[in-house]
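*Asks:* give me a 3D structure for the following:
(chains A and B)
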Amino acid sequence: MAVDETQFHVLAVDDSVIDRKLIERLLKTSSFQVTTVDSGSKALEFLGLNDGNDNDEDVGVNLIITDYCMPGMTGYDLLRRIKKSSCLRDIPVVIMSSENIPSRINRCLEDGAQDFFLKPLQLSDVNKLRPHLMRT
Amino acid sequence: MDLVQLQRQLVDYKTSLYNEGFLDEQFTQLQELQDENNPDFVVEVVSLFFEDSERLLNELTKALEQQSVDFKRVDAHVHQLKGSSSSIGAQRVQKVCIAFRNYCEEQNIEGCVKCLQQVRHEYSLVKTKLESMFQLQQQILSAGGSIPM
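*Replies:* Sure, this is the predicted structure:
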């Protein structure tokens, strides 16, 4: 009987060094492979979108989890960029925020975010990620 | 003091930190993420919090000393401090940050200056207490004991 040993790769985006460490530990505890970056632009760079062109590189990311409030590119801006890209748009995006603002939450969900979590992130939130994951 | 007494002292100390509102449930979550493979996780996250907070407190001091205070900038720093204190469970620091943000919104300089003093005070208290707690933990480990959770 074959056991599925695929380890899912999550890209976590957060400008807070504390939150990056926390998210990384939460994700690794749940057996995800994790890459953390501190900005939306670094996320796009990692995903192969750095020069505004779509690189057809398979970067092997199964889910992106991003903070909403970040200087420069917000999590919402990042979501929009990803959904506009033909090779990245199918990667599920989850947004996190410390602020419970219904209009913000709704806008993100309407524009393609799979889910929205309030910070600080809990293990129970991470457990909700598996159904959203994309198999590459 | 023998090992059992040290362990008792640690449990009592931790309990008091929760009872006095210095720490909340989020700190418990952090401890639950620590294991044999990541034995220093809590100390590492808390150390990052100390570094980051000190940076933010300095930025806040500078920002509030300006002739013409940029309240958006002040608010941005407080927002960060509120976020990080919430992430580690430093409840009293987080609460002052909430009041601080309200004063920023009102562009109330006196209120902001008062909150900065308060947040510095709360930060320094929780830092001292966490450092004492880590020291106690280290004493227990050095005596060959394990940390009661």
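*Asks:* what is the neighbour count of residue B:140?
*Replies:* A count of nearby residues for residue B:140, using other C-beta atoms under 10 Å in any protein chain shown, gives 18. All C-beta spots, glycine's among them, are computed from the backbone N, C-alpha and C.
*Asks:* ok, residue B:77 touching residue B:61?
*Replies:* No: between residue B:77 and residue B:61 there is no contact under C-beta atoms under 8 Å: 10.0 Å.
*Asks:* what parts of chain B come near chain A?
*Replies:* Residues of chain B lying close to chain A by C-beta under 8 Å from any C-beta of the partner chain are B:26, B:29-30, B:32-33, B:38, B:41, B:44-45, B:48-49, B:52, B:76, B:79-80, B:82-84, B:86-88.
*Asks:* just the buried subset of those, please.
*Replies:* When the residues of chain B next to chain A are checked for burial by 16 or more other C-beta atoms under 10 Å in any protein chain shown, the buried set is B:26, B:29-30, B:33, B:41, B:45, B:48-49, B:52, B:76, B:79-80, B:82-84, B:86-88.
*Asks:* in helices, which of these fall?
*Replies:* Using DSSP state H, the members of these that fall within helices are B:26, B:29-30, B:41, B:45, B:48-49, B:52, B:76, B:79-80, B:82-84, B:86-88.
*Asks:* what is the helix or strand where residue B:119 lies packed up against?
*Replies:* Counting by DSSP states H and E, the element that carries residue B:119 is helix B:109-142. With contacts defined as 3 or more C-beta pairs under 8 Å, 6 or more residues apart in numbering or on different chains; DSSP states H and E, the secondary structure elements packing on helix B:109-142 are helix B:3-19, helix B:41-65, helix B:71-88, helix B:91-106.
*Asks:* could you dump these to JSON lines with distance to residue A:40?
*Replies:* As requested, these are exported to JSON lines (distance: least, C-beta to C-beta, whole Å):
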{"stretch": "helix B:3-19", "distance to residue A:40": "37"}
{"stretch": "helix B:41-65", "distance to residue A:40": "20"}
{"stretch": "helix B:71-88", "distance to residue A:40": "16"}
{"stretch": "helix B:91-106", "distance to residue A:40": "23"}
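*Asks:* lovely, talk soon.
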